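> the sequence isn't on hand, but the structure is:
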């Protein structure tokens, strides 16, 4: 079967992410459609045609602008042609699997990724998170749960502004939502940025993994601490001179993590 490739094309300022730049789509105002706020451009990469169509329809009902791809190759091509606000990525894909697709997405930019996995075992979860995924949902994915995760991930790049925080060579601008190290910009995913903003808000304070899951991932249940640990590893790789001996994001054994003291 021929792959389904998104048909939308960028024109002018449309190249910029469309999140919060658009009003809810006309479809979201029709009877039976859940109007939950600004439209997000979602790229869904899923090879199962029934799952792909079902999630596309369900997420569209929640107000998202959803386009699809059937294979990892087609998904990467579509993402290069037109930016999306977020990628929903199946782990088990023909050809290039979801973990490799996630690695390539992360190598090219900071677009958030939520992985869909048929199992919740360690191999799938750890592999996806290590590849740079921001979150994961175990199949069969409930549309309301997936919608909530999508909106939580997209909110991570926003938050209260308190100006510029400077810690040694690290500069965190909470208004512009930018980070630099020794004057050089540090590209962070929304999840990595939200984690850094949360920790650096209270230097020296110890956050448990569960507290970070609630504040950063908005998981108000006993969540998967591997989300936190993998994100900390990725953040350290970007802001620490020696990630094995971190200065900024420090481990407090038996408790969790703290920022500094620097």
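Okay, I see it. Everything quoted here is computed from the prediction, not taken from an experiment. Numbering: from 1, shown residues only.

> dump the residue contacts of residue 115.
Contacts here follow CB atoms under 8 Å, 6 or more residues apart in numbering; on that basis residue 115 touches 89, 90, 91, 98, 102, 128, 133, 135, 136, 137. For the C-beta atoms, the positions are set from N, CA and C on the backbone; glycine is no exception.

> try it again at 10 Å.
Each residue near residue 115 by CB atoms under 10 Å, 6 or more residues apart in numbering is listed here: 45, 87-91, 98-99, 101-102, 124-125, 127-129, 131-138.

> would it count as being in a helix?
No: when DSSP: H, G, I helix; E, B strand; the rest coil is applied, residue 115 is found to be strand, with no helix at that position.

> identify the bridge partners of it.
residue 89, residue 136 (DSSP bridges).

> and it, how far from residue 210?
Remark: distance between residue 115 and residue 210 (CB to CB, to the nearest Å) = 22 Å.

> what segments of the protein are strands?
Remark: strands of the chain, listed N- to C-terminal, are 41-45, 65-69, 86-90, 113-117, 135-138, 164-167, 170-173, 178-181, 184-185, 206-208, 249-252, 256-259; assignment by DSSP state E.

> reformat those strands as TSV; add mean pLDDT and distance to residue 219.
Compiled in TSV, those are given as follows (pLDDT from 0 to 100; distance: least, CB to CB, whole Å):
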stretch	mean pLDDT	distance to residue 219
strand 41-45	95	20
strand 65-69	94	23
strand 86-90	95	17
strand 113-117	91	13
strand 135-138	88	9
strand 164-167	90	25
strand 170-173	93	24
strand 178-181	94	24
strand 184-185	94	30
strand 206-208	93	13
strand 249-252	95	20
strand 256-259	95	15
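
> can you put those in JSON lines and add distance to residue 152?
Output for the strands of the chain, formatted as JSON lines (distance: least, CB to CB, whole Å):
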{"stretch": "strand 41-45", "distance to residue 152": "14"}
{"stretch": "strand 65-69", "distance to residue 152": "17"}
{"stretch": "strand 86-90", "distance to residue 152": "11"}
{"stretch": "strand 113-117", "distance to residue 152": "10"}
{"stretch": "strand 135-138", "distance to residue 152": "8"}
{"stretch": "strand 164-167", "distance to residue 152": "23"}
{"stretch": "strand 170-173", "distance to residue 152": "21"}
{"stretch": "strand 178-181", "distance to residue 152": "21"}
{"stretch": "strand 184-185", "distance to residue 152": "25"}
{"stretch": "strand 206-208", "distance to residue 152": "18"}
{"stretch": "strand 249-252", "distance to residue 152": "21"}
{"stretch": "strand 256-259", "distance to residue 152": "20"}
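
> so which of those is nearest residue 151?
strand 86-90 (9.6 Å; CB to CB).

> name the helices or strands packed onto the closest one?
Packed against strand 86-90 by the contact rule (3 or more CB pairs under 10 Å, 6 or more residues apart in numbering; DSSP states H and E) you find strand 41-45, helix 49-61, strand 65-69, helix 72-81, helix 98-108, strand 113-117, helix 143-155.

> any idea which of these gets closest to residue 259?
helix 143-155 (20.8 Å).
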